[in-house]
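Participant: next come a sequence and a model predicted from it.
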2 protein chains.
Amino acid sequence: MATARFDVVGIGNAIVDVIAHAEEDFLAAHGLVKGAMTLIDAARAEALYAVMGPGLEMSGGSAGNTMAGLASLGGDGAYIGKVRDDQLGDVFRHDMNAVGVRFATAPARSGPATARCLILVTPDAQRTMNTYLGACVDLGPEDIDEAAIADAQVTYLEGYLYDPPRAQEAFRKAAAIAHGAGRRVALTLSDPFCVDRHRAAFRALLEDHVDILFANEAELCAMFETADFDAAVAAVRRFCDVAACTRSEKGSVVVAGEHTHVIAAAEVGRVVDTTGAGDLYASGFLFGLTRGRDLATCGRLGSLCAAEIISHVGARPEVGLATLAKEKGLI
Amino acid sequence: MATARFDVVGIGNAIVDVIAHAEEDFLAAHGLVKGAMTLIDAARAEALYAVMGPGLEMSGGSAGNTMAGLASLGGDGAYIGKVRDDQLGDVFRHDMNAVGVRFATAPARSGPATARCLILVTPDAQRTMNTYLGACVDLGPEDIDEAAIADAQVTYLEGYLYDPPRAQEAFRKAAAIAHGAGRRVALTLSDPFCVDRHRAAFRALLEDHVDILFANEAELCAMFETADFDAAVAAVRRFCDVAACTRSEKGSVVVAGEHTHVIAAAEVGRVVDTTGAGDLYASGFLFGLTRGRDLATCGRLGSLCAAEIISHVGARPEVGLATLAKEKGLI
């Protein structure tokens, strides 16, 4: 493969997280689906925010988190996503630039505000996400940076991108450009409900475009409509060159053709907030992959990054992941 | 004293903190005064933000933090401060309401954006603050809620409020209302450079209006232009009924007339970020005072709250302070 300017270009919903602690009964009282990502409209976002506890704001978005993690490992990344030209949009842009991820997508000059995800973290460290897509609905094929994608080893797409109306088109355009340039396309299934909403479209994408798939157990089972993880893993082998299937504290299973690598979860002192675990697993895995490491090492890098992110509140790394990975002898 | 609806009304600069980690050489390279609060204009704020690392946004402001701490202890508080009607202003308002502090000051509908404090936390846990006052410059006497102040046991003023142009007037108006209603006025000196900027005005305020003073060692020494802490403490006795003088890891000294209480610092595992230590000391102290506790207990409550806040990033409590104080037998 030709050398590339970027290791990974990530495309996703550009979101600022608003993180608050909440008790279990708060979720019940407000009809929130624990552990899931639920889409909410502006009115619901306002109503839910009004009853939430004090918040911590920080840049998020699944692919955004993945790219921040990749950069923290020392990877070269670019990001495509839509914010508005408002204060939270500026925060998102700053945080991308500050970690060294190229983010050149033009902000929307009108329309809805920058997207927010209202995240409730319960005492068991589980996160329940409520996303107001805001300006993300304006992402379209015109935002796809052809040169960047053609010059990236991997184009990484988040499944959540299938929710805003025109992003699917952007998605397919990006995949076509990547493959046209002899590059690889990676996808994360994002959330089991997201899979339910877009199963047929994801299926088509897996058949035509996806080389590397990320999915957790629930997402993979939703994708193949089975309750049996092993059956889902058997199914996914047929579609993708590589599939990294994450299983929380049970680690991950990486399959490639007939090969199977079972990776243990990395040790973590106390699990504080699971937000971003899957996103950061993808950071580590993709960093390893684009640096030519074997799949088992890629998986271990993913586990290490996921362990760091769940040890604190928020979905962006608090410590330099490269240092951490070096300490563990993984890079 | 008549019963009061509020334990404390706090008046201060309504600020959203943007917190980033930085190395010592970053401070040097950008001419930042370590440990201090420096006022910056919009252009400087933009330039400094552009070179800062990824940030964490959360509501701050000295008196705002103090009121959040008071509420966390179970106190009844109100807050007066100026934000704009923008996204960060909404964040500030939400966070006040979410902790149960009444915040009814009308936002500015035009003019500068909501204030931001760019905080660099160095590996030694010291914070270096750079404040863009933004909408705070619009706070004036018309924003002083007479009914709330007359109905609060203590009106608490932050010294930082002497920086925006019309706030001094608001300050004096609030103090006059409080005293007219037979209530007490508390002041924090905020920062040694702030004391240098406004020494004469603070001196006049101490003489005429301040019943309870909060100051750290550097601020108190700056106030009385001495390098000798004991001399500064001797001086402050003449001005205020009660003065709580904080000394970081050396605890605090509370003086009232001829009485002196030496309070040890509360134990803290690892000091992560000292932002808000003084603010939260005031939370604990004022909570004790308005609940009729003796001064030594007030000091210990202050130390406990300060210890909680420096154990994590950010200047608003992460755990319920009432629970913490009960565990220690202080309330």
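Facilitator: On my side now, so go ahead. Numbers count the residues shown, from 1 in each chain, chains lettered A, B, ... in the order given.

Participant: low-confidence ranges, chain A, go.
Facilitator: A:1-2 (pLDDT under 70).

Participant: which parts of it sit against chain B?
Facilitator: Within chain A, the residues that sit near chain B (Cβ under 8 Å from any Cβ of the partner chain) are A:20, A:49-50, A:52-59, A:68, A:86-88, A:91, A:94-95, A:97-99, A:113-114, A:314, A:316. From N, CA and C alone the C-beta is placed, and that goes for glycine too.

Participant: which ones among those residues lie within helices?
Facilitator: A:49-50, A:68, A:87-88, A:91, A:94-95, A:97-98 (DSSP state H).

Participant: which one of these is nearest B:I149?
Facilitator: If you rank these by distance to B:I149 using Cβ to Cβ, A:A50 comes first, at 26.6 Å.

Participant: thought that closest one was touching B:D90?
Facilitator: No - counting by Cβ atoms under 8 Å, A:A50 does not reach B:D90; the two are 10.4 Å apart.

Participant: more neighbours, the two?
Facilitator: Taking other Cβ atoms under 10 Å in any protein chain shown, A:A50 and B:D90 do not tie; B:D90 has more neighbours (17 against 10).

Participant: show me where the stretch 1-150 of chain A has strands.
Facilitator: A:6-11, A:15-21, A:37-40, A:56-59, A:77-80, A:102-103, A:115-121, A:127-132 (DSSP state E, counting those that start in this stretch).

Participant: so A:V16 makes contact with A:A113?
Facilitator: No - under the criterion of Cβ under 8 Å, A:V16 makes no contact with A:A113, lying 9.7 Å away.

Participant: list residues touching both of those two?
Facilitator: The overlap between the contact sets of A:V16 and A:A113 (Cβ atoms under 8 Å, 6 or more residues apart in numbering or on different chains) consists of A:L88.

Participant: between those two, which has more neighbouring residues?
Facilitator: A:V16 (25 against 20).

Participant: not counting its neighbours along the chain, what's nearest that one?
Facilitator: A:L88 (4.5 Å; Cβ to Cβ, 6 or more residues apart in numbering or on different chains).

Participant: cool, A:D17 as well?
Facilitator: Closest to A:D17 by Cβ to Cβ, 6+ apart is A:G60, at 3.5 Å.

Participant: tally of neighbours for the one you found?
Facilitator: For A:G60, using other Cβ under 10 Å, the count is 30.

Participant: equivalent analysis for the one 3 residues further on, please.
Facilitator: The local packing count at A:A63 equals 30, with neighbours defined by other Cβ under 10 Å.

Participant: and the closest residue to it other than its chain neighbours, how far is that from chain B?
Facilitator: Among residues not flanking A:A63 along the chain, A:G12 sits closest, at 2.9 Å (Cβ to Cβ, 6+ apart). As judged by Cβ to the nearest Cβ, to the nearest Å, A:G12 and chain B stand 17 Å apart.

Participant: ok, now which ones touch A:G12?
Facilitator: A:61-64, A:66, A:79-81, A:157-158, A:160-161.

Participant: reformat the residues you listed as JSON lines; add distance to B:I149.
Facilitator: What follows is these, written out as JSON lines (distance: Cβ to Cβ, whole Å):
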{"residue": "A:G61", "distance to B:I149": "44"}
{"residue": "A:S62", "distance to B:I149": "47"}
{"residue": "A:A63", "distance to B:I149": "50"}
{"residue": "A:G64", "distance to B:I149": "45"}
{"residue": "A:T66", "distance to B:I149": "50"}
{"residue": "A:Y79", "distance to B:I149": "49"}
{"residue": "A:I80", "distance to B:I149": "52"}
{"residue": "A:G81", "distance to B:I149": "47"}
{"residue": "A:L157", "distance to B:I149": "56"}
{"residue": "A:E158", "distance to B:I149": "51"}
{"residue": "A:Y160", "distance to B:I149": "48"}
{"residue": "A:L161", "distance to B:I149": "52"}
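
Participant: by neighbours, which of those residues wins?
Facilitator: Top of those by neighbour count (other Cβ under 10 Å): A:T66, with 34 neighbours.

Participant: that one is in contact with A:A277, isn't it?
Facilitator: No - between A:T66 and A:A277 there is no contact under Cβ under 8 Å: 11.3 Å.

Participant: quick one: A:A218 and B:G74, what's the gap?
Facilitator: Distance of A:A218 to B:G74, computed by Cβ to Cβ, to the nearest Å: 41 Å.

Participant: hmm, I was thinking of A:A104
Facilitator: A:A104 is 49 Å from B:G74, by Cβ to Cβ.

Participant: what's the distance between A:R127 and chain B?
Facilitator: Counting by Cβ to the nearest Cβ - A:R127 and chain B are separated by 16 Å.

Participant: how about that residue, what does it touch?
Facilitator: A:35, A:119-121, A:273-275.

Participant: could you give the bridge partners of it?
Facilitator: A:V121 (DSSP bridges).
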